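Novice: model this:
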Amino acid sequence: MTAQLKVFLQSMASYVSGLDFTKAADILLYNPREPLLFSSGAFLFVFLIFVTGYCCLRRKVDARLLFVTLFSYYFFYKSSGFYFLLLLVVTVSDFCLARKIAERKHPRLWLAASLLIDLGLLGYFKYTNFFAGMIAQMVGSNFQPWDIFLPVGISFYTFKTISYVVDVYRKKVEPMESLLDYAFYVSFFPTLLAGPITRATDFGPQIRKPLHVSREMFAQGVFFILIGLFKKAVISDYISQNFVDRIFDNPTLFSGGEVLLGLYGYCIQIYCDFSGYSDMAIGISLLLGFKIPMNFNAPLTADSMTDFWRRWHISLSTWIRDYVYIALGGNRKGTLHMYLNQMVAMTACGLWHGASLNFVVWGVLHGALVCLHKFWSQTVMRHDRHYHPAGIRRFVSVFITFHVLCFTWLFFRCKDFEGVWVMLRQMFTKFNPAVLPDVFVAYRYVFLLMAFALLTHWIPASWQNRCVRLLEKGGVVLSAVAVTVVIFIIMQVKSSDIQPFIYFQF
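Specialist: Below you'll find the predicted structure:
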């Protein structure tokens with residue numbers, strides 16, 4: 001065991017040695033090109049310092065909450081500079097307005113004020129240029145986009161604060177008594193920049209519980225961090241840099257078959273990138289003593305677009321359902337209104353992802369596909385809403401859903417509609433299957449990682465539980481060995497530049 005620990009420490013030292021500690025100030029201060037990413041050596045260095053302080057304050061609740069909150073604001077500062085003050089404004093305003101709502105004197109007025117502040121800030125920083133450009137185009141004016149900085153994570157923490165205020169209004173949760181507790185909840189750094197979007201009903205009761213990280217929680221935390229790191233730094237980054245980006249940057253240089261493979265690659269890339277971040281966020285939270293709901297559940301095994309949204313970005317899809325779809329009336333006013341509400345909700349989901357007509361079309365497509373599936377399954381076939389096909393029907397359903405999903409990702413990845421058209425034209429008019437054997441040989445490692453990512457979707461949940469139990473039995477030593485192996489693999493495949501998470505742009 002001593003030898004294993006020595007190997008682990010040597011590996012960790014090698015991993016961190018890439019950092020130039022003579023430039024510590026550059027590491028610690030805001031740099032727009034170097035945010036504090038979970039997959040970076042800088043984060044490992046800073047996180048080790050943070051954990052030391054966190055453990056020292058484990059018995060002092062208020063001091064520990066303040067310490068984590070300040071670190072969370074620093075974490076936000078590293079990605080967005082002094083725009084972390086926006087987070088402070090939203091936190092203080094929603095804390096005060098939620099308490100006014102709870103007094104039940106003009107609650108709708110206070111709710112409207114909260115939504116105006118939250119959505120107003122989000123709208124200004126994210127959508128001003130989008131809507132101004134559309135208006136300018138309609139009136140025939142030449143519009144030059146204004147230089148408006150988009151703070152990382154603004155869409156995520158805005159939805160988090162809105163859910164809290166609306167839940168207080170709906171009497172689903174009592175307003176928090178302490179501003180410190182609420183600031184801790186809103187700014188909790190593992191989920192701050194790219195989710196999962198936690199709810200106060202789930203997270204609030206954990207805030208002041210005595211700090212206790214069981215052996216099982218520690219093992220689960222290490223497992224999720226390792227899985228997330230592997231997804232992001234090995235699979236997603238590798239296939240992106242070595243294949244997918246080349247295809248999307250110059251699709252006319254490749255055959256239609258290569259373009260289709262690139263589209264498959266992007267589908268896997270964005271899954272591994274985003275679910276990898278969510279896994280790491282969940283794992284870090286577990287190491288700190290907090291349980292965060294799962295955000296992905298093997299989405300590429302979905303047998304319909306409805307099923308896909310039950311498995312993909314679960315915290316967002318349930319948020320859209322609870323605060324947009326149900327708020328519009330859900331299915332309470334008949335089938336036609338249900339479909340209309342579904343379309344509005346999914347269009348809002350698309351617009352949430354980005355200020356571009358591409359994202360609006362992406363949301364509309366997903367809304368239409370969900371409505372089409374519901375109509376076919378529940379109205380035509382008379383199936384229960386929880387129905388799932390089995391056997392060969394399930395295989396066909398998953399195959400069709402995967403390819404429909406890949407088609408919709410074109411609008412997500414391409415910069416404009418012209419790019420979508422070029423990709424489709426290449427696939428349908430210049431497929432050229434004769435070159436595919438050479439492509440598979442030339443990019444064999446890319447396709448092996450893609451196949452591995454797809455196959456792991458079908459691994460039974462019991463296997464994951466066995467891995468966690470193995471880490472639990474092995475204790476710190478086995479966890480150290482596992483971390484060493486993953487870090488070694490990352491060092492072999494990583495590029496010189498740390499790749500940002502895709503969802504940071506939303």
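Novice: Check what pLDDT the nearest residue to Leu36 once chain neighbours are set aside gets.
Specialist: The shortest distance from Leu36 to any residue that is not its chain neighbour, by Cβ to Cβ, 6 or more residues apart in numbering, is 4.1 Å, and that residue is Lys78. No exception for glycine: its C-beta is placed from N, CA and C like everyone else's. Predicted confidence (pLDDT) for Lys78: 88.
Novice: ok now do Lys78, which residues does it touch?
Specialist: 30-31, 35-36 (Cβ atoms under 8 Å, 6 or more residues apart in numbering).
Novice: and it, what helix or strand is that in?
Specialist: Secondary structure here is read from DSSP states H and E; on that basis Lys78 sits in helix 61-80.
Novice: What residues sit buried inside that helix?
Specialist: When burial is assessed from 16 or more other Cβ atoms under 10 Å, helix 61-80 yields the following buried residues: 61, 64-65, 67-69, 71-80.
Novice: Could you do stretch 333-346 as well?
Specialist: 338-346.
Novice: That stretch: how far from the chain's middle?
Specialist: 26 Å (Cα atoms, centre = their mean, to the nearest Å).
Novice: Repeat that for stretch 28-36.
Specialist: Stretch 28-36 has its C-alpha centroid displaced from the chain centroid by 20 Å (Cα atoms, centre = their mean).
Novice: what does stretch 55-69 give?
Specialist: Averaged C-alpha coordinates place stretch 55-69 at 27 Å from its chain's average position (Cα atoms, centre = their mean).
Novice: repeat for stretch 407-414
Specialist: The chain centroid and the centroid of stretch 407-414 are separated by 17 Å, computed with Cα atoms, centre = their mean.
Novice: what does that stretch contact?
Specialist: Contacting residues not belonging to stretch 407-414 are listed as 248, 263, 266-267, 270, 353, 358-359, 361-362, 365-366, 369, 419-420, 423-424 [Cβ under 8 Å, 6+ apart].
Novice: which among those residues end up buried?
Specialist: With neighbours counted by 16+ other Cβ under 10 Å, the contacts of stretch 407-414 contain buried members at 248, 263, 266-267, 270, 353, 358-359, 361-362, 365-366, 369, 419-420, 423-424.
Novice: Most widely separated two among the buried residues of stretch 333-346?
Specialist: When these are compared pair by pair using Cβ to Cβ, the farthest-apart members prove to be Met338 and Met346, with a separation of 12.6 Å.
Novice: before we move on, back to that, figure out how far whichever helix or strand comes after the helix holding Lys78 is from the centre of its chain.
Specialist: Scanning the chain past helix 61-80 towards its C-terminal end, the next helix or strand to appear is helix 84-102 (assignment: DSSP H and E). Its chain's average C-alpha position is 24 Å from that of helix 84-102, according to Cα atoms, centre = their mean.
Novice: after helix 84-102 comes which helix or strand?
Specialist: Scanning the chain past helix 84-102 towards its C-terminal end, the next helix or strand to appear is helix 107-138 (assignment: DSSP H and E).
Novice: after that next one, next one along is what?
Specialist: Note on helix 107-138: by DSSP H and E, the next helix or strand toward the C-terminus is helix 154-169.
Novice: Against which helices or strands is that next one packed?
Specialist: helix 84-102, helix 107-138, helix 179-187, helix 189-192, helix 200-203, helix 314-320 (3 or more Cβ pairs under 8 Å, 6 or more residues apart in numbering; DSSP states H and E).
Novice: Quick check: which of those is nearest to Tyr54?
Specialist: Shortest separation from Tyr54 across the helices and strands packed on helix 154-169 is recorded for helix 189-192, at 11.4 Å, computed as Cβ to Cβ.
Novice: which strands and helices sit next to the closest one?
Specialist: If contacts are counted by 3+ Cβ pairs under 8 Å, 6+ apart, helix 189-192 sits against helix 61-80, helix 154-169, helix 256-287.
Novice: Which one of these lies nearest to Val51?
Specialist: In terms of Cβ to Cβ, the element of those nearest to Val51 is helix 256-287, at 7.7 Å.
Novice: packing partners for the next helix or strand after the closest one?
Specialist: The element immediately downstream of helix 256-287 (helix or strand, assigned by DSSP H and E) is helix 305-311. Packing contacts for helix 305-311, counted by 3+ Cβ pairs under 8 Å, 6+ apart, involve helix 357-374, helix 392-413.
Novice: where does this structure have its least confident helix or strand?
Specialist: helix 2-16 (a mean of 52; mean pLDDT, DSSP states H and E).
Novice: what's around the nearest residue in space to Arg215 that is not next to it in sequence, how many residues?
Specialist: Sequence neighbours aside, Glu472 is the residue nearest to Arg215 in space, at 5.2 Å (criterion: Cβ to Cβ, 6+ apart). Applying other Cβ atoms under 10 Å, we find 19 other residues in the vicinity of Glu472.
Novice: One more: the one 5 residues further on?
Specialist: A total of 13 residues lie near Val477 under the criterion other Cβ under 10 Å.
Novice: Just the buried residues of the helix or strand hosting it, please?
Specialist: For Val477, the element it lies in under DSSP H and E is helix 461-493. In terms of neighbour count (16+ other Cβ under 10 Å), helix 461-493 has its buried residues at 467-468, 471-472, 478-484, 486-487, 490.
Novice: cool, stretch 193-210 as well?
Specialist: 193-200, 203-204, 207.
Novice: what about it, how long is it end to end?
Specialist: 26 Å (Cα to Cα, to the nearest Å).
Novice: mean confidence for that stretch?
Specialist: Mean predicted confidence for stretch 193-210 is 92.
Novice: same question, stretch 148-168
Specialist: Model confidence over stretch 148-168, given as mean pLDDT, is 93.
Novice: in that stretch, what counts as buried?
Specialist: Burial within stretch 148-168, assessed by neighbour count using 16+ other Cβ under 10 Å, is assigned to 150-168.
Novice: Endpoints of stretch 204-214, how far apart?
Specialist: Across stretch 204-214, the straight-line distance between its terminal residues is 20 Å, by Cα to Cα.
Novice: one step back: out of the buried residues of helix 461-493, who's nearest Asp322?
Specialist: In terms of Cβ to Cβ, no member of the buried residues of helix 461-493 lies closer to Asp322 than Val468, at 30.0 Å.
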